[in-house]
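>>> Next input, structure requested:
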Amino acid sequence: MNWLKDLPLEKISESLAQFFVWWAQITEGIPAAQLPLTVYVIGCVLVLLLWLLVMRLIPRPFKGISWVMVASILFAPGQAAGGTGEVAPAMLGVFHSILMKDFAGAVVAFLPILAVFAALLVVGAIWQMLRSVIAGDAEKQAETARIQEQKRQMAQMNAQNPQP
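Below you'll find the model as predicted:
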C-alpha cells in the first residue's frame, strides 16, 4: 500500500483541472441541444483511436475487421427507446431490448449494426484493392527504372570497350 501513499495527487488534480478547462473551452460555443451528440462523437473517435493501440496485439488479418466491428457498433444509427423518432446509437436499442427481454426487438435493433459492418467491410475491401494496385504500379515503375539503368550502364560499358 506504499504505492498508494506515494501517488502525486497534486499533479493528478492539476492535470484534471487543466483537462476540464480545456474541455470547457472546446464545448463553449456548442448549443446545449447539440452537446450530447458532440460529446458522443468525440468519445467514439477517442475509443477508435485507443482501439488502434489494442490492434497491435491482434493478428494481422483481424486488425481491420476488429476496427470495423468497433466502428459499426459505435456509429450505427438506431432509434431511441419510447418511439419518439429520435436518432440514437443502435447499440442502445440492442441493450434496451435485451434488458426488456425483447429478443426479437434486439435482433431488429442489431440490423443497422450489421448493415454498417457490411458497408465498412466493402469499403475496406475496395481500399485494399486500390492499395495493392498502387503498390504493384510503384513496384513495376521501380523495376522498369532499374532495368533502364542497367541498359544505360551496359551501353556505357560497350562504348568504353568496343568489340573488334
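>>> Give me the neighbour count for the nearest residue in space to residue 89 that is not next to it in sequence.
Ranked by Cβ to Cβ, 6 or more residues apart in numbering and with sequence neighbours excluded, the top spatial neighbour of residue 89 is residue 78, at 6.1 Å. For every residue, glycine as well, the C-beta is placed using N, CA and C. Residue 78 is flanked by 21 other residues according to other Cβ atoms under 10 Å.
>>> quick check, residue 78 in a strand?
Yes - when the secondary structure is assigned by DSSP: H, G, I helix; E, B strand; the rest coil, residue 78 falls within a strand.
>>> what residue is smack in the middle of the chain?
With distances taken as Cα atoms, centre = their mean, the chain has residue 48 as the residue nearest its mean C-alpha position (4.9 Å).
>>> So it is in contact with residue 74, correct?
Yes - with contact defined as Cβ atoms under 8 Å, residue 48 and residue 74 form a contacting pair (7.2 Å).
>>> Distance check, residue 45 against residue 37.
Distance of residue 45 to residue 37, given as Cβ to Cβ, to the nearest Å: 13 Å.
>>> What ranges does this structure have for its helices?
Per DSSP state H, the chain has helices spanning 2-5, 9-26, 35-54, 60-75, 90-99, 103-160. These are given in chain order.
>>> which one of the ones you listed has the lowest average pLDDT?
Comparing the helices of the chain by mean pLDDT, the weakest confidence falls on helix 2-5, with a mean of 70.
>>> The residue nearest to residue 89 contacts residue 108, correct?
No - the pair residue 78 / residue 108 is not scored as a contact, 9.5 Å apart, by Cβ under 8 Å.
>>> Residue 64: neighbouring residues, count only.
17.
>>> residue contacts, it?
Residues in contact with residue 64 (Cβ atoms under 8 Å, 6 or more residues apart in numbering) are residue 124.
>>> before we move on, what about the one 5 residues further on?
In this structure, residue 69 makes contact with residue 117, judged by Cβ under 8 Å, 6+ apart.
>>> State the distance from it to residue 79.
Relative to residue 79, residue 69 is positioned 22 Å away (criterion: Cβ to Cβ).
>>> Alright, that wraps it up for me.
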